[in-house]
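Asks: what shape does this take:
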Amino acid sequence: MMHALIKAHHGHELADAVSEWFLQTQIRTDRDPQRMSLRYRLGVSNGTVIKAISHMEQSLEQPLSIAELAKLTGTSVRQLQRLFKTHMNASIATIYRDLRLAGAQKLLQQTTNSITEIGISAGFTSLAHFSHAFRTKYGYPPSLERMPRPD
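Replies: As a prediction, this is how the structure comes out:
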């Protein structure tokens, strides 16, 4: 019901974002997936890109090389790069980094793990590398992600 109200008052993009945030795409049975499908979440219908991103999401701590992703998706490196540019309007490396940073951001919000541990679990080789990437993406350092937010 809330999804429908949000959609009616604020549009489908916000309603979809709220549903994703709450991990609720519809009323599910105990056998249904908890998250929205990649196809729906990303608005991408290319199976190779979806398969590559699925592998990326499963390998955040030990990122796969582009060559490994190409092999896992049954395509060449150049073809996979073209598909990402066409369907995601970004490079494979950019999408992978953004997935890793989003995962780290959630860990910063939901755990008490150290920032260094979170950076390493997101596949960054050092705290400095993680902090720089985080600040570049979000405009503030990872430490601020844990600060209480004013209402």
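
Asks: the protein: helices as residue ranges?
Replies: Secondary structure of the chain by DSSP state H: the helices cover 2-10, 12-21, 38-42, 47-58, 66-73, 77-88, 92-110, 115-121, 127-138.

Asks: show me the contacts for the residue sitting nearest the centre point of the chain.
Replies: Central residue of the chain (C-alpha atoms, centre = their mean): residue 99, 3.4 Å from the mean position. Counting by C-beta atoms under 8 Å, 6 or more residues apart in numbering, residue 99 touches 53, 56, 57, 60. For glycine as for every other residue, the C-beta is placed from the backbone atoms N, C-alpha and C.

Asks: go on, residue 46?
Replies: Neighbour list for residue 46: 83, 86, 87 [criterion: C-beta under 8 Å, 6+ apart].

Asks: now tabulate the residues you listed in JSON lines and tack on distance to residue 74, neighbour count and pLDDT.
Replies: JSON lines is the format used below for the contacts of residue 46 (distance: C-beta to C-beta, whole Å; neighbours: other C-beta atoms under 10 Å; pLDDT from 0 to 100):
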{"residue": "83", "distance to residue 74": "12", "neighbour count": "19", "pLDDT": "95"}
{"residue": "86", "distance to residue 74": "17", "neighbour count": "11", "pLDDT": "94"}
{"residue": "87", "distance to residue 74": "16", "neighbour count": "16", "pLDDT": "92"}
